[in-house]
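> Here is the input, now give the coordinates:
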Amino acid sequence: MNPATTILYYVNDPMCSWCWGFRPVLLQLKQQLPPDIQLQTLVGGLAPDSQQPMSPDLQRDIQGAWQRIQQVIPGTRFNFDFWTKNTPRRSTYPACRAVIAARELADRADQMTYGIQQAYYLQARNPSDLDTLSEVASRIGLDAEAFAELMQSEQIHTLLAEELEQVRAIHVNSYPSLVLKIGDQLYPLKLDYLSAANILAEISHLRSSDS
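Got it, this is the predicted structure:
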């Protein structure tokens, strides 16, 4: 089989706290992934656009998830001031569109994702808000005005819808997720939040089995 037909999909949401926890392992994967495997990053869109404040129960649930992640993944930090400094909304589509806009403007989707995560989890800022996203865009070297205009355009809404459809087509509905595609076959991978070694071993095993 031609190695060029092998793709590793990484599906995430910039406002997914487990994706934030997975970031160190993702960086390991990027460094150690065989060069003949194409890594393709997709946004999953946890929650559609909403101006409604998040319910107190959901706020407690997410704060509980943050605490759990800190226990499970040593070294992961969260700034819990977010919950008192903001009016949280269950709305991650704006952040997803921001990542796509950064990709379209300057191929800086990864930098945008990391900037959003830093703003949200470390700086207690709200990535559901356009001004936060625009400031992140400026910080990673994009023109904030051009970014804001593109992010709100019909083009980016369409690209997000297409990307969400692609995520559904590879049968992903939770984040983060890794799916290895060899030819026409899809293989969901087991995540390890502490090391890339087991993930790389599973990839190697699947490729050997498929050859």
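> pretty sure Ile37 is in contact with Thr6, am I right?
Yes: with contact defined as C-beta atoms under 8 Å, Ile37 reaches Thr6; the gap is 4.9 Å. From N, CA and C alone the C-beta is placed, and that goes for glycine too.
> Point out where this structure drops to low pLDDT.
Applying pLDDT under 70 to the chain flags residues 1-4, 211.
> how does it look with 80?
1-4, 210-211 (pLDDT under 80).
> show me where it has helices.
Using DSSP state H, the helices of the chain run over 17-32, 56-72, 82-85, 93-106, 109-117, 130-139, 144-151, 154-169, 197-210.
> Point out the most buried one among those.
Most buried of the helices of the chain, by mean neighbour count (mean count of other C-beta atoms under 10 Å): helix 93-106, with a mean of 24.
> Check what contacts it and list those residues.
13-15, 43-45, 47-49, 108-109, 111-113, 116, 127-130, 133, 136-137, 140-143, 146-147, 150-151, 155-157, 159-160, 163 (C-beta atoms under 8 Å, 6 or more residues apart in numbering).
> mind running it again at 7 Å?
By C-beta atoms under 7 Å, 6 or more residues apart in numbering, the residues outside helix 93-106 that reach it are 13-15, 43, 45, 47-49, 108-109, 111-113, 116, 127-128, 130, 133, 137, 142, 146-147, 150-151, 156, 159-160, 163.
> what angle do that helix and helix 130-139 make?
Per axes from the mean of the first three to the mean of the last three C-alpha atoms, to 10 degrees, the angle that helix 93-106 makes with helix 130-139 is 30 degrees.
> Can you list the buried residues in stretch 33-45?
33, 37, 41-45 (16 or more other C-beta atoms under 10 Å).
> next one: stretch 116-125
116-121, 124-125.
> and stretch 92-108, how far out from the chain's middle?
Centroid separation for stretch 92-108 versus its chain: 11 Å, with C-alpha atoms, centre = their mean, to the nearest Å.
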